[in-house]
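> the following block contains a protein sequence and its predicted model.
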Amino acid sequence: MATLKDIAQRAGVTATTVSRVINNRGYISEGTRKKVYAAMEEMHYQPNELARAFSKQYTNTIGLIVPHISHPFFTKVISNIESSAAEKGFKLLLCNSKEQPEKEQDYLDMCMSNRVAGIVLCSKYVQTREFRKMNIPVVNLERGGDDDTISVQCDNYQGGKLAAEHLIACGCKNLLHFGGVAGKDMPADRRADGFSDVCKRAGIPYRILMSDRLLYGSMHYEDFIRRALQEFPDVDGIFASSDLIASQVIQVGVQMGKRVPEDIQLVGFDDTMISTVTTPQITTIHQPVEEMTELCVEYIAKSLKNEPVPQKIVLPVRLVQRGTTVLKTEIEKKLV
């Protein structure tokens, strides 16, 4: 079985450097870190996680708790968190709470018993006072927090503004927003605020329809969308709070004889892969998931070293125009 000295010799570094890489201590250049990991892989070296945990009170594992592992947004979060964690020498313990408060609490307890280095929390239900009992860093990703927790969010309010402004610029006169879960009070709710503020200032009629936990859990919004389009047949512009919902607007529209973008212009949110595989492709608000997840891991690493981190950071979003919207100026050019 390979030892630290064997790894050090293969990588051309000292045994102390190998130990620092494995335990994620001190500054190590990216080149040196890669050489050590390559040597460990070549020699099939597996660090003793339990022994390391007892020596420094935590493992090199980050717990990630998400409400829906199959939702396109959280799939993207998981992939990016894993990549960011690996770059900093962490492994990932993935937990899928399925919107169940008791399950979320159980996973938090499991993370604690497994001596994780930190937790990234995307679920809603555990109260922030629970975090005060934990002597480990907890980062809220797109989840409400308070002064006792670290929070990483995108600018949801600006996203709602950009969506409404774009639909109005496309010539839409009657707007509809499919929002998040009613009564949940999450940062994503600010999308509706930005959307409504723009509509009010522009004097554009608008409606906001919130979903519920059952819809969010099933991820099947087809009947919800169909009823809305039947009740409000004059709607010509829709802002969906996720690309998942936007993709189902296209599907339901086809079934009802409403074409996108000819009859209804459509903006989604997240900029997940689903926005590029529909026909037409979805105009959406790009949420900077890669940057957000990098910050989550970075803040955990800094907190472990007692380095200062901001309590809350809000990253900007941007509109990505694709085929579900056509600017009024583009239509006028075609008519000339």
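Arrived safely.
> spatially nearest residue to Asp236, not counting backbone neighbours?
Ranked by CB to CB, 6 or more residues apart in numbering and with sequence neighbours excluded, the top spatial neighbour of Asp236 is Cys172, at 5.0 Å. (Each C-beta comes from the backbone N, C-alpha and C, glycine too.)
> touching, that neighbour and Phe239? I think so.
No. The criterion here is CB atoms under 8 Å, and Cys172 misses it with Phe239 at 9.8 Å.
> tell me which of the two has more neighbours.
Using other CB atoms under 10 Å as the criterion, Cys172 and Phe239 rank with Phe239 on top: 33 against 25.
> partner strands of the strand or helix carrying that one, parallel or antiparallel?
Assigned by DSSP states H and E, Phe239 falls within strand 237-240. Within its sheet, strand 237-240 is paired with strand 175-181 (parallel), strand 265-270 (parallel), according to DSSP bridges.
> tell me the most buried of those?
Ranked by mean neighbour count, the strands paired with strand 237-240 are led by strand 265-270 with a mean of 29 (mean count of other CB atoms under 10 Å).
> got the phi and psi for Ser218?
Here is the backbone geometry of Ser218 (degrees, to the nearest 10): phi -80, psi -30.
> number of residues surrounding it?
Neighbours around Ser218, by other CB under 10 Å: 9.
> rewinding a little: could I get the strands paired with strand 237-240 in TSV, plus columns for mean pLDDT?
Compiled in TSV, these are given as follows (pLDDT from 0 to 100):
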stretch	mean pLDDT
strand 175-181	93
strand 265-270	98
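> which residue packs closest to Asn80, ignoring adjacent ones?
Among residues not flanking Asn80 along the chain, Thr293 sits closest, at 4.0 Å (CB to CB, 6+ apart).
> now do Glu165
Glu165's closest residue in space is Val198 (CB to CB, 6+ apart), at 5.6 Å.
> okay, buried residues for stretch 184-193 please.
Across stretch 184-193, burial judged by 16 or more other CB atoms under 10 Å covers 184, 187-192.
> from those residues, pick the one nearest Leu4.
Pro187 (44.2 Å; CB to CB).
> go ahead and confirm that closest one touches Tyr157.
No. At 9.1 Å, Pro187 and Tyr157 do not qualify as touching, with contact defined as CB under 8 Å.
> make a markdown table out of the strands paired with strand 237-240 and add distance to Tyr37.
Below are the strands paired with strand 237-240 laid out as a markdown table (distance: least, CB to CB, whole Å):
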| stretch | distance to Tyr37 |
| --- | --- |
| strand 175-181 | 40 |
| strand 265-270 | 32 |
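> what distance do you get for Thr279 to Ser241?
22 Å (CB to CB, to the nearest Å).
> comparing the two, which residue is more hemmed in?
Using other CB under 10 Å as the criterion, Thr279 and Ser241 rank with Ser241 on top: 28 against 10.
> how much space between the more buried one and Gln248?
12 Å.
> I'd guessed Ser247 sits against Ile282; true?
Yes. Contact criterion CB under 8 Å: Ser247 and Ile282 qualify, at 6.7 Å.
> tell me, what's touching the two both at once?
268, 274-275 (CB atoms under 8 Å, 6 or more residues apart in numbering).
> what ranges do the strands span in the stretch 201-336 of the chain?
206-211, 237-240, 265-270, 283-286, 312-315, 318-320 (DSSP state E, counting those that start in this stretch).
> mind listing residues that contact the fifth one?
Read it as strand 312-315. Residues from elsewhere that reach strand 312-315 (CB under 8 Å, 6+ apart): 145, 150-155, 288, 291-292, 295.
> comparing Ser247 and Ile282, which residue is more hemmed in?
Ile282 (30 against 22).
> and that one, what is it in contact with?
Contacts of Ile282 (CB under 8 Å, 6+ apart): 243, 246-247, 250, 266-268, 274-276, 322-324.
> and what of Glu42?
Contacts of Glu42 (CB under 8 Å, 6+ apart): Arg10.
> next step: the buried residues of stretch 184-193 restricted to strands.
Counting by DSSP state E, none of the members of these fall within strands.
> just give me the closest of these to Pro310.
Nearest to Pro310, judged by CB to CB, of the buried residues of stretch 184-193 is Pro187 at 15.5 Å.
> grab the nearest non-local neighbour of that closest one.
Setting aside the residues directly before and after it, Pro187 is nearest to Gln153 in space (CB to CB, 6+ apart), at 4.8 Å.
> ok, that neighbour touching Glu142?
Yes. Shown here, Gln153 and Glu142 form a contact pair, counting by CB under 8 Å, at 5.7 Å.
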